[in-house]
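J.: Build the 3D model from these lines:
(one chain, ligands or ions: 2)
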Amino acid sequence: MSEINTYKYYVGGKFVASTSGNLIDIDCPYEQAIVGRVQAISKAEADLAIAATKKAQKDWADLDLFKRADLLNKWADQLETDAHEIAEIIMQEVGKTWNDAVKEVTRTAEFIRYTVQEYIHTNDTSMSGQNYPGGSKNKIAIIKRIPLGTVLAISPFNYPVNLSVAKIAPALISGNAVVFKPATQGAISAVKIIESFDKVGFPADILQLLTGKGSDIGDYVSEHEGIDMISFTGGATTGRHLSSFSTMKPMVLELGGKDPAIVCEDADIDKAVFEIMSGAFSYSGQRCTAIKRVLVNEAVADELVAKLKGEVEKLTVGMPIDNPVIVPLINKGSADYVEGLIADAIADGATLLAGNKREDNLIYPTLFDHVTPDMRLAWEEPFGPVLPIIRVSSDAQAIELANQSEYGLQASVFSRDFSRAAAIAEKIEAGSVQINGRTERGPDHFPFLGVKNSGMGVHGISRTIDAMTREKLLIINL
Ligand SMILES: NC(=O)C1=CN([C@@H]2O[C@H](COP(=O)(O)OP(=O)(O)OC[C@H]3O[C@@H](n4cnc5c(N)ncnc54)[C@H](OP(=O)(O)O)[C@@H]3O)[C@@H](O)[C@H]2O)C=CC1
Ligand SMILES: O=C(O)[C@H](O)COP(=O)(O)O
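T.: Ligands and ions are numbered 1, 2, ... in the order given. The predicted structure follows:
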């Protein structure tokens, strides 16, 4: 990382420097180094970029579907060709391990290919008037799905490639144009995937990459009259803020979570321990779907706690290039926040079993037993490697605590009795409940959604296409 590169934003099919002259330094999360600099574009540049998508979108939607499909498939191939170059930047910019960074790029290429196939196999439908009382068989509706126009894709830092393309690919295949506003810490990864995009010959202005801080241009582009739909993934505070002023703009929000793992007394404890460990600690817990609290029946709590403690102590900790489980957090603010949650839990009387050690942004994996509902750690999302265990006396109490959260993304239930697990799952307020498995988003064609402060609307390939298109009826009167 000796020479500091300056990256341009992408508009009109070209990489250009902002006339604002303002650059943003992107600091590496795990060493004292600047990964690169990105453009802080002006509002006037955002205006021009958004306006230019209007004509481009109409031409793009008119293009043969198989030409759109071909370009997207070529982009998938190009991402694989460029995978190591992109992964290098993901690692340096967001501190993901090398192996996970490479996986993120290959997962993204597969995502694009599946999205193309999904759309190709979606057909117009029809309805006949005769199926309604008094209706006529001479009235026939052909129901098409048409693009909404220009989709604003706003992505978070933790999957800077996958969660960006999870918006871009469904938007493009269904005939929309895209304005892509990546997380600032993640913006160089965004530039890299758009470099791959640029190589395969998409028409100009069908995708504009606008870099700049959300606090400077976020509100402006989100309320822009040229934006027809917003697809957002990020924190609940930002998501709620966007939804407060996005009058009559369709919007899908994927937000944070406080996913519980409920462990019943008849659970396979070794299986539960395995799933909880990978669910809670991979990428240092910086996943919206990470397991962020354990609600264990007191009859098996001692056994579960002892086994979890043993596994936490074995977790590998270090720098991303060495592929440990625990890596430094995204920035100092994040590490300070997690450290504060740990300090409060100790002060409030939780039992510290492992961790509570910090070196710069690196927080060692931390495990607490006897966390109680009056502690912040029982409710707040750390986005870091700290796991609270809360002991419960019954399934009913586990359900009650699970549902008292402001969040409702996913939950896991561990029990050998499927009917019992299903009965608990039925009562949990969350988008998905995993039985005997860790909380996770994939496979990427499953619907993915959160309730309460965890989101609005549904993602997952076919659902994202639905959210970015609308029905239009052609009614034939014979
Ligand atoms: N449910 C899900 O699928 C997922 C949820 N998340 C959640 O995201 C959070 C972590 O991601 P993080 O990147 O820190 O989230 P943030 O909410 O801080 O940022 C998300 C995106 O919103 C942008 N943004 C910030 N302010 C505005 C604004 N006023 N208008 C428009 N855009 C804005 C950010 O830009 P900038 O970076 O420039 O500030 C970034 O691109 C966690 O809470 C996590 O749970 C993460 C991944 C998946
Ligand atoms: O941002 C996140 O955390 C992801 O949506 C989670 O994806 P994963 O469960 O596949 O890691």
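
J.: List the contacts of residue 465.
T.: 115, 118, 119, 122, 145, 170, 173, 174 (Cβ atoms under 8 Å, 6 or more residues apart in numbering). Every C-beta, even on glycine, is put in place using the N, C-alpha and C of the backbone.

J.: quick one, what contacts the residue nearest to residue 204 when sequence neighbours are not counted?
T.: Counting by Cβ to Cβ, 6 or more residues apart in numbering, residue 13 is the residue found nearest to residue 204 once chain neighbours are left out, at 3.1 Å. Contacts for residue 13 (Cβ under 8 Å, 6+ apart) come out as 198, 202, 203, 204, 205.

J.: Tell me the one among those nearest to residue 88.
T.: residue 198 (18.5 Å; Cβ to Cβ).

J.: Return the residues in contact with that closest one.
T.: Contact analysis of residue 198 by Cβ under 8 Å, 6+ apart lists 10, 13, 15.

J.: A helix includes it, no?
T.: Yes - under DSSP: H, G, I helix; E, B strand; the rest coil, residue 198 sits within a helix.

J.: All further residue positions should be reported with the first residue as 60.
T.: Right, with 60 as the first residue, what we last looked at is residue 257.

J.: Give me every residue in this protein lying close to ligand 1.
T.: Counting by Cβ under 6 Å from any ligand atom, the chain comes close to ligand 1 at 213-217, 222, 240-243, 272-274, 277-278, 281, 292-294, 297, 300-301, 313-316, 347, 440, 442, 468, 509, 514.

J.: check the residues you listed against ligand 2, which are close?
T.: Within the residues of the chain next to ligand 1, those near ligand 2 by Cβ under 6 Å from any ligand atom are 217, 222, 347.

J.: Neighbour-wise, give me the winner out of those.
T.: residue 347 (29 neighbours; other Cβ atoms under 10 Å).

J.: And the residue nearest to that one when sequence neighbours are not counted, its phi and psi?
T.: Of all residues not flanking residue 347 in the chain, residue 316 sits nearest, at 5.3 Å (Cβ to Cβ, 6+ apart). The phi/psi pair for residue 316 (degrees, to the nearest 10) reads phi -160, psi 170.

J.: My read is that residue 316 contacts residue 348, right?
T.: Yes - assessed by Cβ atoms under 8 Å, residue 316 is found in contact with residue 348 at 6.5 Å.

J.: And the next helix or strand past the helix or strand where residue 522 lies?
T.: Assigned by DSSP states H and E, residue 522 belongs to helix 520-526. Counting by DSSP H and E, the next helix or strand C-terminal to helix 520-526 is strand 528-536.

J.: Name the residues that touch that following strand?
T.: 197-207, 233-235.

J.: rewinding a little: residues touching the residue nearest to residue 347, list them.
T.: 347, 348, 349, 351, 440, 466, 467, 468, 469, 498, 509, 513.

J.: Now the two most distant members of those residues.
T.: Farthest-apart pair in those is 349 and 467; separation 14.9 Å (Cβ to Cβ).

J.: which neighbours do residue 316 and residue 348 share?
T.: Common contact partners of residue 316 and residue 348 (Cβ under 8 Å, 6+ apart): 468, 469, 498.

J.: In this structure the last one contacts residue 318, no?
T.: Yes - with contacts defined as Cβ under 8 Å, residue 498 counts as touching residue 318 at a distance of 4.4 Å.

J.: In terms of secondary structure, what does the strand or helix carrying residue 167 contact?
T.: Element membership for residue 167 (DSSP H and E) is helix 157-179. Helix 157-179 makes packing contacts with helix 124-140, helix 142-153, helix 221-232, helix 520-526 when contacts are defined by 3 or more Cβ pairs under 8 Å, 6 or more residues apart in numbering; DSSP states H and E.

J.: Just list what the third one packs against, helices and strands only.
T.: The elements that helix 221-232 packs onto, with contact taken as 3+ Cβ pairs under 8 Å, 6+ apart, are helix 124-140, helix 157-179, strand 209-213, strand 236-240, helix 246-258, strand 288-292, helix 520-526.

J.: Ranking by neighbours, what's the top pick from the contacts of residue 316?
T.: Using other Cβ under 10 Å as the neighbour test, those are led by residue 351, with 31 neighbours.

J.: And the closest residue to it other than its chain neighbours, how far from residue 346?
T.: Excluding the flanking residues, the one nearest residue 351 by Cβ to Cβ, 6+ apart is residue 317, at 4.7 Å. As judged by Cβ to Cβ, to the nearest Å, residue 317 and residue 346 stand 12 Å apart.

J.: Mind checking which of these two has more residues around it?
T.: A count of neighbours by other Cβ under 10 Å puts residue 317 above the other of residue 317 and residue 346, at 24 against 21.

J.: Can you name the residues that contact that one?
T.: So, once contact is read as Cβ under 8 Å, 6+ apart, residue 317 ends up touching 351, 352, 438, 439, 440, 464, 465, 466, 468.

J.: In strands only, show me those residues.
T.: If you go by DSSP state E, the contacts of residue 317 have 351, 352, 466 in strands.

J.: Could you export the residues you listed as TSV, including pLDDT?
T.: Shown next, in TSV, are the ones in strands among the contacts of residue 317 (pLDDT from 0 to 100):
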residue	pLDDT
351	98
352	98
466	98
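
J.: From those, pick the one nearest ligand 2.
T.: Taking Cβ to the nearest ligand atom as the measure, ligand 2 lies nearest residue 351 of the ones in strands among the contacts of residue 317, at 11.2 Å.

J.: The closest one touches residue 318, doesn't it?
T.: Yes - using Cβ under 8 Å, residue 351 is in contact with residue 318, at 5.4 Å.

J.: Can you report how many residues neighbour residue 220?
T.: Residue 220, neighbours per other Cβ under 10 Å, totals 30.

J.: need the contact list for it.
T.: 145, 149, 163, 164, 167, 248, 249, 252.

J.: change it to 7 Å
T.: 145, 149, 163, 164, 167, 248, 252 (Cβ atoms under 7 Å, 6 or more residues apart in numbering).

J.: same deal with residue 189?
T.: By Cβ under 7 Å, 6+ apart, residue 189 lies in contact with 195, 196.

J.: Repeat the analysis, applying 10 Å as the threshold.
T.: 195, 196, 197, 198, 199 (Cβ atoms under 10 Å, 6 or more residues apart in numbering).
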